[in-house]
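Trainee: Here is a sequence with its predicted model. Questions after.
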Amino acid sequence: MGSRVVLDTGPLVALIDRRDPLHAWAANEVKLLKPPFLTCEAVIAESLFLLQNVHGGSNHVTGLMRDGYVRLDFHLDAHLVPVAELIEKYSDVPMSLADACLVRMSELHDRARVFTLDSDFKRYRRHGRQAIPLIIPGPTR
């Protein structure tokens, strides 16, 4: 499985927080995937916030980035218009900034799969109508 992996907040947090109910699933999936995992600053910000009470959580996130396993691969200023359009299109969900950035990243890396725990990604479409390939727990992988 050589396609790029776009990393969402949920699996990153689950991977680091051993108390997370999906920690084992996330850890097993990571073994099957090839780094670097691509992400955006919004995902990093969400992850750092959610891991603030996990001992060493923030250091683990920055360590994964420093070691090249997780790589920032998105510049919001260059993609603000399509990201804003996605947020508006999915305002009924509502779509977070991080989700919109990841959908846009999946458009930029056409063969990429989004590694997520968020079932909203089953509703989102890239390029307006294409289902996004997902790595997600459950039977609809």
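Mentor: Done, it's in.
Trainee: May I have the phi/psi pair for the residue of the chain most remote from its centre?
Mentor: Distance to the chain centre peaks in the chain at His55, reaching 22.1 Å (criterion: C-alpha atoms, centre = their mean). Dihedral pair for His55: phi -50, psi 120, per degrees, to the nearest 10.
Trainee: Quickly note the distance from it to Val61.
Mentor: Separation of His55 from Val61 (C-beta to C-beta, to the nearest Å) stands at 13 Å. Yep, even glycine has a C-beta here, placed from its N, CA and C like the rest.
Trainee: so who does Arg125 touch?
Mentor: Neighbour list for Arg125: Ala131, Ile132 [criterion: C-beta atoms under 8 Å, 6 or more residues apart in numbering].
Trainee: now swap in Leu50 and tell me
Mentor: Thr9, Val13.
Trainee: How about the contacts made by the closest residue to Gly68 other than its chain neighbours?
Mentor: Using C-beta to C-beta, 6 or more residues apart in numbering and skipping residues adjacent in sequence, the residue nearest Gly68 is Pro36, 5.6 Å away. Neighbour list for Pro36: Gly68, Tyr69, Val70, Arg71 [criterion: C-beta under 8 Å, 6+ apart].
Trainee: Cool, thanks, signing off.
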